[in-house]
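S.K.: Next comes the sequence, and after it the predicted model I'd like to discuss.
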Amino acid sequence: MPSTLDTEQMQIDGLPTRRLVRGEGEDLLVLHGWGASIEAVYPIVTGLAPVARVHALDLPGFGESAPPPEPWGVEQYQAFVAAYMDAAGIARATIVGHSNGGRIAIRMAATEPARVAKLVLVDAAGIRPKRTFRWYRRVAMAKVGKHAARRLGAPGERMRDMLVSRAASSDYAAAGELRPTLVKLVNADLRPYMPDIAAPTLLVWGADDTDTPVAMAQEMERLIPDAGLVVLEEAGHYSYLDQSVRFARIVSHFVAPPARAGATEQRGAAARPQGAGATERQGAASGPQGAGTTEST
């Protein structure tokens, strides 16, 4: 079904790329997760457009943007985002990365700090989970399937497809030609980059996220020097959808503190997270209250 959003196409490093821009103010770039598109992060766009000029892209291989010419990892996607910023005349921006988009945002903030004013990581990927027996079993089944397809022709290909359907994650099973790209991204462990992030960083997580559990957010908060964590109750991996009103209020406050957004006073230290002590669990009507504050209803 064609999109009803007012988007436009542009060429970025030779790749047809779809983008959407909303709002006025300082630039903010939204990076969606694996298998997603502008539509998936549109609630972030509309929630933050009152305080920023929000850019959203279909990253290569997703939505209506062309696929990468070869399997890409985090570094190649980062280079693409940098090329978009140059083409759009963005010298410096707040970057909001959800899930796989968080991987790209983490590496950019660490290696190209001049481009990143502030960083918002939303249920972000970037920490490779520990490899379990189940993981090794999946790898073994995938190798058997690959060998069968190569040696047995059509029957082997059917065996490979059966083994993949049994062993692979839903993302891998649906990735098609992008499977090598997915493998490169999933195998990237970005923890070594996190201590090099200088930008003020807000971590927003769903308390019930099972794809990137809160323990990963806590590890990121520990590793990123100027980071604070807000955990949204009754929210999962798409916390910005599950708690859209709270999400928009909290992130807007971080992106454009009240004094800059036109309010008459600034609420204490809540303009940005104040390091590891800023962890909060958010109740039904709460917003960030500064370092060391917890609010619930």
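M.R.: Thanks, I have the structure now.

S.K.: Which parts of the stretch 51-200 of the chain are strands?
M.R.: For the stretch 51-200 of the chain, the strands defined by DSSP state E, counting those that start in this stretch occupy 53-57, 93-98, 116-122.

S.K.: okay, those strands, which one's buried deepest?
M.R.: Neighbour counts (mean count of other CB atoms under 10 Å) averaged over each of the strands of the stretch 51-200 of the chain peak at strand 93-98, with a mean of 28. Where C-beta positions appear, they are placed from N, C-alpha and C, glycine not excepted.

S.K.: so what does that strand touch, helix or strand wise?
M.R.: strand 27-31, helix 38-48, helix 100-111, strand 116-122 (3 or more CB pairs under 8 Å, 6 or more residues apart in numbering; DSSP states H and E).

S.K.: about what we covered before: tabulate the strands of the stretch 51-200 of the chain in a markdown table, adding columns for distance to residue 178.
M.R.: What follows is the strands of the stretch 51-200 of the chain, written out as a markdown table (distance: least, CB to CB, whole Å):
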| stretch | distance to residue 178 |
| --- | --- |
| strand 53-57 | 16 |
| strand 93-98 | 18 |
| strand 116-122 | 22 |
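
S.K.: of all these, which lies closest to residue 27?
M.R.: strand 93-98 (4.0 Å; CB to CB).

S.K.: So what touches the closest one?
M.R.: Here strand 93-98 makes contact (CB atoms under 8 Å, 6 or more residues apart in numbering) with 26-33, 36, 41, 44, 48, 52, 55, 85, 103-106, 108-109, 115-124, 238, 240, 251, 255.

S.K.: Mind doing that once more with 7 Å?
M.R.: Residues outside strand 93-98 that contact it (CB atoms under 7 Å, 6 or more residues apart in numbering): 27-33, 41, 44, 52, 85, 104-105, 108-109, 115-124, 240, 255.

S.K.: and that strand, what's its mean pLDDT?
M.R.: In this model, strand 93-98 has an average pLDDT of 98.

S.K.: coming back round to it: so which of the strands of the stretch 51-200 of the chain gets nearest residue 73?
M.R.: Among the strands of the stretch 51-200 of the chain, strand 93-98 comes nearest to residue 73, with 15.5 Å by CB to CB.

S.K.: Okay, angle between that closest one and strand 53-57 too, please.
M.R.: For strand 93-98 against strand 53-57, the angle by axes from the mean of the first three to the mean of the last three CA atoms, to 10 degrees is 50 degrees.

S.K.: how far does strand 93-98 sit from the chain's center?
M.R.: Centroid displacement of strand 93-98 relative to its chain, using CA atoms, centre = their mean, to the nearest Å, is 8 Å.

S.K.: How about the contacts made by residue 43?
M.R.: For residue 43, the contact set (CB under 7 Å, 6+ apart) comprises 240, 241, 244.

S.K.: you'd agree residue 19 is in a strand?
M.R.: Yes. Membership of residue 19 in a strand is supported by DSSP: H, G, I helix; E, B strand; the rest coil.

S.K.: For it, which non-adjacent residue is spatially closest?
M.R.: residue 57 (5.1 Å; CB to CB, 6 or more residues apart in numbering).

S.K.: I'd say the one you found and residue 85 touch.
M.R.: No. Judged on CB atoms under 7 Å, residue 57 makes no contact with residue 85 at a distance of 10.4 Å.
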